[in-house]
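S.K.: predicted model and sequence below, questions to follow.
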Amino acid sequence: MADERVQRRLAAILAADVVGYSRLMGDDEEGTLASLTGHLEELIEPCLAEHRGRLVKTTGDGLLAEFASAVDAVRCAVAVQGGMRARNEAVDGDRPILFRIGVNLGDVIVRDGDVFGDGVNIAARLETLAEPSRIVVSGKGYDEVHGKVDVDFDDLGLQQVKNIAAPVAAFGIRADAGDPVTATPPISDRPSIAVLAFDNMSGDTEQEYFSDGIADDIITDISKISGLFVIARNSSFAYKGQAVGVTRIARELGVKYVLEGSVRKAANRVRITAQLIDGATGGHLWAERYDRVLEDIFAIQDEINRSIIDALKIELELDERTRLGGRQAASIEAYDFALRARGLLLDSKREPNAEAMGLYEKSIALDPNFITAYEELAIVLYVQYTNGWVEDGEAVLERGLQMASRAVELDPTNPRGYRALAIGLTWKHDLDGAIEQIGKAVALAPNFAEALGTQGYVLSFASRPDEAAASLQRMMRLDPQHPHIYLYFLAHAYFVGGAYEDAVPLLQRRIRLQPETDVSRVLLASCFGHLGRLEDAREQWCEVLRISPEFSVEHRAKVLPYKNPADWERFVGGLRKADIPIT
């Protein structure tokens, strides 16, 4: 006779866990438990009641809840994450409690009030795919809630999750008011601005590089102003070609103001329009049109910079006004070659890199004192070195350092030259020198996101993980839509500090975004080894060998510039724990 206490039913399951629970407990056991209890009683249980959910159980580092409706489950998850953001912002301290949430719609077994079966297991596995403070929903749940809940989704594709035979379709909830990580970043106390890609009005798509370059150089200049908060090009240019309102852009990037404009270049004339817009109201604070000869392009950029400063009533430091600009070339043709080359660098393949190098060399030949060409050519050479695209890598690295040194020599107030120099010194394993140079870059341009990212990467190799993580987190705020390689960099900083649980979700996200990454999978395998997840570690290693059959840990030991041998031993130690061969 069947057990009358056992039932089967269709249910929406919400599974949540605390990111870095073991670390939090190790740091402050009583405080962590008190915080969790407060969040449960004051936020989560009221959210469950409001959305007709039932708390099935708590699990120390998480909880399980059941809903009759997937719509209710997703709305509850969004409310919890939004509520957690507000609670974390209201509490002093640098160790907020962050949840990851998975939601699934499926058949479950109910016995004595508890729930079991694949419907529950899939929700729990989806939770592990979520980034801190984010929500992942199964395909079945998505089919039920799409169009009924006011959130946007990213299709994460089919995911092979542990102990579930068939791949599971997964959807991440995208930026929304209830999503605390990337949806509505907190606005800086300083005046904050995003400079959008200027529209190319020349009637020739081949001129796109020029309009992009004008806006990019404005970002470079105003990033030097300590009284401003400036979003990086990578994030502000992400809206290029999209019909997105300025107020939405301001909200998503967490800024008060937006600069937009257009460029029309014809023969030896250029017409540039620019307008500074209030991100909350959409109203214009300032607008101007410049119709000049092409040789006046640098003067126009300087005038736009001054207009922004005046409109926002920025108080410049004594040396900041003299550091604005400084990019001028004696030849407009030299500047044009550099802008063409910069556009090619967005494609990280070998052929565009080689073409960019040729253009920078032409730029330098036309104007041997043009700083931009030197600093950006150095980056091109480093890319060739790190990718192994040249026979004599050491000679290419040395030339890159020479180009960076020349940029600094030509203008000691130029932050990009110091960053280029720091990157080269890092690959020369001179971490003390690299830290000194990248420190100068950050001091000269507090909003220079790429410099902060480089600083974080260098500091992690120098066995200073807390400082590294802080630099990378600052960088990610300036560049909310940052390249996903920075997920690896931040995970590496956590790894060096022994925070393996914090590194894992970052690496998993990077792998979702770039499945063919070998370096992220190797680091993830080492994390799993340290966490005792030996089967998971071996699975990642198998994927590494599938992607890169010749992958060599021994080669990486020679290339990676770890200052402290114990950090490298930490890396290989995690692999050894999983019996992964490292020779």
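M.R.: Thanks, I have the structure now. Numbering: from 1, shown residues only.

S.K.: going forward, measure contacts and count neighbours with C-alpha atoms only.
M.R.: OK.

S.K.: show me the strands in this protein, by range?
M.R.: 6-18, 53-58, 62-67, 99-111, 114-116, 135-138, 153-159, 168-173, 192-195, 199-200, 229-230, 257-266, 269-278, 284-293 (DSSP state E).

S.K.: which one of those is the most hemmed in?
M.R.: strand 135-138 (a mean of 29; mean count of other Cα atoms under 10 Å).

S.K.: I'd like to know which elements it is packed against.
M.R.: Taking 3 or more Cα pairs under 8 Å, 6 or more residues apart in numbering; DSSP states H and E as the contact definition, the neighbouring helices and strands of strand 135-138 are strand 99-111, helix 118-129, strand 168-173.

S.K.: mean confidence for it?
M.R.: Per-residue pLDDT over strand 135-138 has a mean of 94.

S.K.: can I get it in PDB? Just the C-alpha atoms.
M.R.: The C-alpha trace of strand 135-138 is given here as PDB (Å, rounded to 0.1, in the frame of the first residue of the first chain):
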ATOM      1  CA  ILE A 135      18.800  34.500 -10.300                       C
ATOM      2  CA  VAL A 136      18.800  31.700 -12.900                       C
ATOM      3  CA  VAL A 137      15.600  30.100 -14.000                       C
ATOM      4  CA  SER A 138      15.100  26.800 -15.800                       C
END
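
S.K.: now do that strand: distance to the chain's middle.
M.R.: 20 Å (Cα atoms, centre = their mean, to the nearest Å).

S.K.: before we move on, the earlier item: mean pLDDT for the strands of the chain: which is lowest?
M.R.: Mean pLDDT is lowest for strand 153-159 out of the strands of the chain, coming in at a mean of 79.

S.K.: let's have the strands of the chain in CSV, adding distance to residue 303.
M.R.: CSV is the format used below for the strands of the chain (distance: least, Cα to Cα, whole Å):
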stretch, distance to residue 303
strand 6-18, 50
strand 53-58, 58
strand 62-67, 55
strand 99-111, 47
strand 114-116, 66
strand 135-138, 45
strand 153-159, 41
strand 168-173, 42
strand 192-195, 15
strand 199-200, 19
strand 229-230, 18
strand 257-266, 14
strand 269-278, 11
strand 284-293, 10
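
S.K.: residue 492 touches residue 504, doesn't it?
M.R.: No. The criterion here is Cα atoms under 8 Å, and residue 492 misses it with residue 504 at 9.9 Å.

S.K.: hmm, back to that, in a markdown table, list the helices and strands packed on strand 135-138 along with distance to residue 575.
M.R.: Output for the helices and strands packed on strand 135-138, formatted as a markdown table (distance: least, Cα to Cα, whole Å):
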| stretch | distance to residue 575 |
| --- | --- |
| strand 99-111 | 26 |
| helix 118-129 | 21 |
| strand 168-173 | 28 |
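
S.K.: residue nearest the centroid of this structure?
M.R.: Nearest residue to the geometric centre of the chain (Cα atoms, centre = their mean): residue 482, 3.5 Å.

S.K.: just give me the longest helix of the protein.
M.R.: Ranked by number of residues, the top helix in the chain under DSSP state H is helix 70-89.

S.K.: any idea of the angle that one forms with strand 99-111?
M.R.: Between the axis of helix 70-89 and that of strand 99-111 there is an angle of 140 degrees, by axes from the mean of the first three to the mean of the last three Cα atoms, to 10 degrees.

S.K.: in helix 70-89, what counts as buried?
M.R.: Under the neighbour-count criterion of 16 or more other Cα atoms under 10 Å, helix 70-89 has 70-85 buried.

S.K.: hang on, the earlier thing: with respect to residue 546, which of the strands of the chain lies nearest?
M.R.: strand 153-159 (17.6 Å; Cα to Cα).

S.K.: what pairs with that closest one, parallel or antiparallel?
M.R.: Applying DSSP bridges, strand 153-159 is found paired with strand 168-173 (antiparallel).

S.K.: please save the CA atoms from stretch 531-551 in CSV.
M.R.: Output of stretch 531-551 as CSV, limited to C-alpha atoms (Å, rounded to 0.1, in the frame of the first residue of the first chain):
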residue,chain,number,x,y,z
LEU,A,531,37.1,22.5,-1.8
GLY,A,532,37.1,18.7,-1.9
ARG,A,533,35.0,18.6,-5.1
LEU,A,534,37.4,16.1,-6.7
GLU,A,535,35.0,14.8,-9.4
ASP,A,536,34.2,18.3,-10.5
ALA,A,537,37.9,19.2,-10.7
ARG,A,538,38.6,16.2,-12.9
GLU,A,539,35.7,17.1,-15.2
GLN,A,540,37.2,20.5,-15.7
TRP,A,541,40.6,19.1,-16.4
CYS,A,542,39.1,16.8,-19.1
GLU,A,543,37.6,19.9,-20.7
VAL,A,544,40.9,21.7,-20.6
LEU,A,545,42.6,18.8,-22.5
ARG,A,546,39.7,18.8,-25.0
ILE,A,547,40.1,22.5,-25.7
SER,A,548,43.9,22.6,-25.5
PRO,A,549,45.4,19.0,-25.9
GLU,A,550,48.9,20.4,-25.5
PHE,A,551,48.1,22.5,-22.3
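
S.K.: sorry, back to before: nearest to residue 528, of the strands of the chain?
M.R.: Set against residue 528 and scored by Cα to Cα, those come closest in strand 6-18, at 17.5 Å.

S.K.: residues contacting that closest one, please?
M.R.: With contacts defined as Cα atoms under 8 Å, 6 or more residues apart in numbering, strand 6-18 is touched by 61-70, 73, 77, 97-112, 119-120, 123-124, 127, 141.

S.K.: go on, stretch 67-87?
M.R.: Counting by Cα under 8 Å, 6+ apart, 10-14, 39, 43-44, 47-48, 51-54, 66, 97-99, 101, 103-105, 133-135, 141, 144-145, 148-149, 177-180 sit against stretch 67-87.

S.K.: tell me who's in contact with residue 19.
M.R.: For residue 19, the contacting residues are 97, 98, 99, 100, 132, 501, 502, by Cα under 8 Å, 6+ apart.

S.K.: which residue in the residues you listed has the weakest pLDDT?
M.R.: For these, the minimum pLDDT belongs to residue 132; the value there is 82.

S.K.: count of residues packed around that one?
M.R.: Residues lying near residue 132 (other Cα atoms under 10 Å) number 23.

S.K.: isn't it right up against residue 503?
M.R.: No. Between residue 132 and residue 503 there is no contact under Cα under 8 Å: 10.7 Å.

S.K.: specify the beta-bridge partners of residue 66.
M.R.: residue 13, residue 54.

S.K.: measure it to residue 128 for me?
M.R.: From residue 66 across to residue 128, the span is 18 Å (Cα to Cα, to the nearest Å).
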